[in-house]
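K.L.:
Next one to model:
(one chain, ligands or ions: 1)
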Amino acid sequence: MQKNNKAIVVFSGGQDSTTCLFWAMKHFDEVEAVTFHYNQRHSEEVEVAKEIVDDLNIKHTNLDMSLLSQLAPNALTRDDIEVNDGEEGGLPSTFVPGRNLLFLSFATILGYQIDAKHIITGVCETDFSGYPDCRDMFVKSLNVTLNLSMDSEFVIHTPLMWLDKAQTWELADDLGAFDYVREKTLTCYHGVRGDGCGECPSCILRKNGLNTYLAQREGANA
Ligand SMILES: [Zn+2]
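P.N.:
Okay, here's the model as predicted:
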């Protein structure tokens with residue numbers, strides 16, 4: 001991969017996007033981050049994102065996407081709706097319709113403005129929780145559409161697309177960022193940093209992946 005290009009990372013301050021930030025810093029000379037605000041449950045999330053980019057000395061753009069909560073009353077954008085895994089076969093209550101469509105589009109428009117051809121997102125099809133706009137096919141399709149719309153040649157990178165949570169921890173470790181990601185990031189739906197509350201669906205997914213990875217690492221070192 002070329003190392004002399006500029007990239008933007010779609011960044012939330014969570015495990016996945018922070019791992020993507022380290023991945024981008026390895027592969028590109030110039031890296032910026034963009035964070036979208038849409039009345040997240042916890043302003044803690046916004047604070048964590050800011051701390052990480054300041055810490056890593058990354059130029060950061062904040063974009064207001066609060067219109068999403070006007071359109072999508074769900075558990076991530078409204079306080080009065082419980083977080084759950086959804087009905088059998090249905091979408092979880094954390095699904096925000098069109099979120100990645102909008103985020104990737106706005107990130108790419110920002111890329112156009114700052115002359116960054118590479119857009120990096122932590123979306124993932126492996127731990128597929130039913131979000132249709134996390135699928136590889138969707139991202140590839142949107143990439144084509146965005147390039148046509150701006151007559152340009154952006155590349156949307158999805159380094160986590162085919163990784164499970166354990167492999168995402170492994171990637172962070174390979175990038176020398178395991179402890180950093182483990183301690184500084186926020187994934188928990190209840191706004192608890194690092195290992196989190198341990199009980200919400202997001203913490204359970206994160207913890208299971210971490211335990212699997214740690215067991216593998218132990219095994220390899222034994
Ligand atoms: Zn939690």
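
K.L.:
Next, see if stretch 183-198 gets close to the ion.
P.N.:
Yes - for stretch 183-198, a contact with the ion is found by CB under 5 Å from the ion, at 188, 190, 196-197. Every residue, glycine included, has its C-beta placed from N, CA and C.

K.L.:
Could you name the helices and strands sitting against the biggest strand by length in the chain?
P.N.:
Longest strand in the chain by number of residues, with DSSP state E as the criterion: strand 30-37. For strand 30-37, the elements it packs on are strand 6-10, helix 15-27, helix 43-56, strand 59-64, helix 99-114, judged by 3 or more CB pairs under 8 Å, 6 or more residues apart in numbering; DSSP states H and E.

K.L.:
Buried ones only from the residues of stretch 183-198 next to the ion, please, as a PyMOL command.
P.N.:
Applying 16 or more other CB atoms under 10 Å to the residues of stretch 183-198 next to the ion, the buried members can be selected in PyMOL as follows:
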select buried, resi 188+190+196
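
K.L.:
in this protein, what spans have low per-residue confidence?
P.N.:
1-4, 39-42, 72-95, 127-130 (pLDDT under 70).

K.L.:
secondary structure element for the nearest residue to Glu153 once chain neighbours are set aside?
P.N.:
Distances taken as CB to CB, 6 or more residues apart in numbering place Asn147 nearest to Glu153, at 6.0 Å, with adjacent residues excluded. Using DSSP states H and E, Asn147 sits in helix 136-150.

K.L.:
what's that helix packed up against?
P.N.:
helix 99-114, strand 155-157.

K.L.:
Buried residues in the next helix or strand after the last one, which are they?
P.N.:
Looking back up the chat, that one is strand 155-157. Reading on from strand 155-157 to the C-terminus, the next helix or strand found by DSSP H and E is helix 165-174. By 16+ other CB under 10 Å, the buried positions in helix 165-174 come out as 165-173.

K.L.:
Cool, thanks, signing off.
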